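K.L.:
Give me the fold of what follows.
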Amino acid sequence: MKTTLLLSVLCAVMTVTASASCGTETCANDEYCNNSPACQCNTTLYTNTGSFPSSNFTCNDAYFNIQVSKCWLEAHGYNTSNVRLNGTNSNCWAVRKVVDGTSEMTLHRPLISSDCNTEAVINSTHVTYTNQLLMFAKTNPIQTVNDAVMNISCTYALRLNASLNMTLRPILGITIIPSSIANGTYTVYMVAYTDNTYLTPLTESDPLYVEDAIYISVVIAELNAKALNLKVVNLYASPDNTSSLKYYLLQNECPASGVGAGLLTVNNNGFGIEARFAMKVFQIANSNSVYLYADVAICVGSCDLTCSSQSKSDDSQNIAGSVGLFLNAADGTFGISSASSFSMPWTLSALIFSWILMKLM
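P.N.:
Below you'll find the predicted structure:
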């Protein structure tokens, strides 16, 4: 009798162990392993739980954080392999994760206006990032429910302690940094100005020509200047927003050589809450766009501007992230500047909003 009871207990333990995993997957409480290579949903748990998908959605740490029950979707006729944000990049698709014992389709994407077609809208007080969560119905062999679309958004307050007239649509990039030394966030601004006093912001209606001078400010207005300093490590241009092709204007904290030589003058960098640069407007060959990016770092105490002696490997460890501006050709054709020389007319017509996570040096 004891032997039979022991065998029964062992068989039960083996059954529980076998049902807990399928191949490389660990099954959730609402899943089971039915001798298949992946966990299967127990859809009977979700037969009377509403008719429209609901999500657990938060805006934490500068990310969209989205969870939708995988087994609820399957029980209601949705294709869980096709749950995504409004973008076609592979990073825009939701992936299965077990969260608190439940199988969830999850997304964790940074709040960047170019990521998965996230859009950013700014007014005088706030910046809002919006996207859509798309959930598509199963179509094989028949479709029984409509595709579902869920609008999502995250709104953050702006705190620039400077006089920018937002009604004039100034040209600026905005980056919000979760602080690792205090509760809350820092906001990094990259602003383009028309004058070397850094008082008159460029607007979307201001035309620019190759060889014109503009003035770039990168600032964290909230920094305690006695304890922290802002440093721009690299400043570079790219013809697109992937940053795969980089033309450096500032590299390893020093004006770059090569094709970018002479295009940038450093007026202030690594001292205080603001870095300032003067730049000549230029055109990248075979492109009507120029994306300007600044790789930034925050120094505890004074910034060590080691310049060209700093290796790229050491340099990359100090970079917290990037903020950028987008320059777009006014009409895609060459025009005549006020100096009667042929030049590309430019307008600064769009905003690049980037989010970065901070590691203080």
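K.L.:
Let's test this: mean pLDDT of stretch 319-326, rounded?
P.N.:
Mean pLDDT, stretch 319-326: 75.
K.L.:
And stretch 34-53, by the same measure?
P.N.:
85.
K.L.:
outside of it, which residues touch it?
P.N.:
Applying Cβ atoms under 8 Å, 6 or more residues apart in numbering, the external contacts of stretch 34-53 come out as 22-23, 25-28, 30-33, 68-76, 78, 103, 135, 148, 150. No exception for glycine: its C-beta is placed from N, CA and C like everyone else's.
K.L.:
I'd like to know which of these are buried.
P.N.:
Buried members of the contacts of stretch 34-53, scored by 16 or more other Cβ atoms under 10 Å, are 22, 25, 27-28, 30-31, 33, 68-76, 78, 103, 135, 148, 150.
K.L.:
Next, Val290: secondary structure please.
P.N.:
Under DSSP: H, G, I helix; E, B strand; the rest coil, Val290 falls in the strand class.
K.L.:
Bridging across strands, which residues link to it?
P.N.:
Counting by DSSP bridges, Val290 forms beta bridges with Leu327.
K.L.:
Could you double-check that Lys280 sits in contact with Tyr215?
P.N.:
No. The pair Lys280 / Tyr215 is not scored as a contact, 11.0 Å apart, by Cβ atoms under 8 Å.
K.L.:
Give me the below-cutoff pLDDT ranges for the stretch 51-200 of the chain.
P.N.:
Residue ranges of the stretch 51-200 of the chain with pLDDT under 70: 61-62, 112-114, 122-126, 156-172, 176-185.
K.L.:
related to what we said a few turns ago, more neighbours: which of Lys280 and Tyr215?
P.N.:
Comparing Lys280 with Tyr215 by neighbour count (other Cβ atoms under 10 Å), the higher total belongs to Tyr215, at 22 against 14.
K.L.:
Which strand residues bridge the more buried one?
P.N.:
With DSSP bridges as the rule, Tyr215 is bridged to Tyr193, Ala278.
K.L.:
Report the contact partners of it.
P.N.:
Tyr215 makes contacts with 192-196, 198, 267, 276-279, as judged by Cβ under 8 Å, 6+ apart.
K.L.:
repeat for Phe136
P.N.:
Each residue near Phe136 by Cβ under 8 Å, 6+ apart is listed here: 78-79, 82-83, 147.
K.L.:
Pop out the phi and psi values for it.
P.N.:
phi -100, psi 140 (degrees, to the nearest 10).
K.L.:
Need the phi and psi values for the residue nearest to it when sequence neighbours are not counted.
P.N.:
Counting by Cβ to Cβ, 6 or more residues apart in numbering, Phe136 lies nearest to Asn82, which is 4.4 Å off, once chain neighbours are set aside. Here is the backbone geometry of Asn82 (degrees, to the nearest 10): phi -130, psi 60.
K.L.:
Count the neighbours of Asn82 for me.
P.N.:
15.
K.L.:
Okay, it and His76: tell me how far apart.
P.N.:
As defined by Cβ to Cβ, to the nearest Å, Asn82 lies at a distance of 14 Å from His76.
K.L.:
got the CA coordinates for stretch 88-99 in PDB?
P.N.:
Extracted as PDB, the C-alpha positions of stretch 88-99 are listed here (Å, rounded to 0.1, in the frame of the first residue of the first chain):
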ATOM      1  CA  THR A  88       6.400  47.500 -39.300                       C
ATOM      2  CA  ASN A  89       9.800  47.100 -37.600                       C
ATOM      3  CA  SER A  90      10.300  43.800 -35.900                       C
ATOM      4  CA  ASN A  91      10.800  45.600 -32.600                       C
ATOM      5  CA  CYS A  92       7.200  46.900 -32.800                       C
ATOM      6  CA  TRP A  93       5.600  43.500 -32.300                       C
ATOM      7  CA  ALA A  94       4.500  42.300 -28.900                       C
ATOM      8  CA  VAL A  95       6.300  39.200 -27.400                       C
ATOM      9  CA  ARG A  96       5.000  36.600 -24.900                       C
ATOM     10  CA  LYS A  97       6.100  36.800 -21.300                       C
ATOM     11  CA  VAL A  98       4.900  35.300 -18.100                       C
ATOM     12  CA  VAL A  99       3.900  38.200 -15.700                       C
END
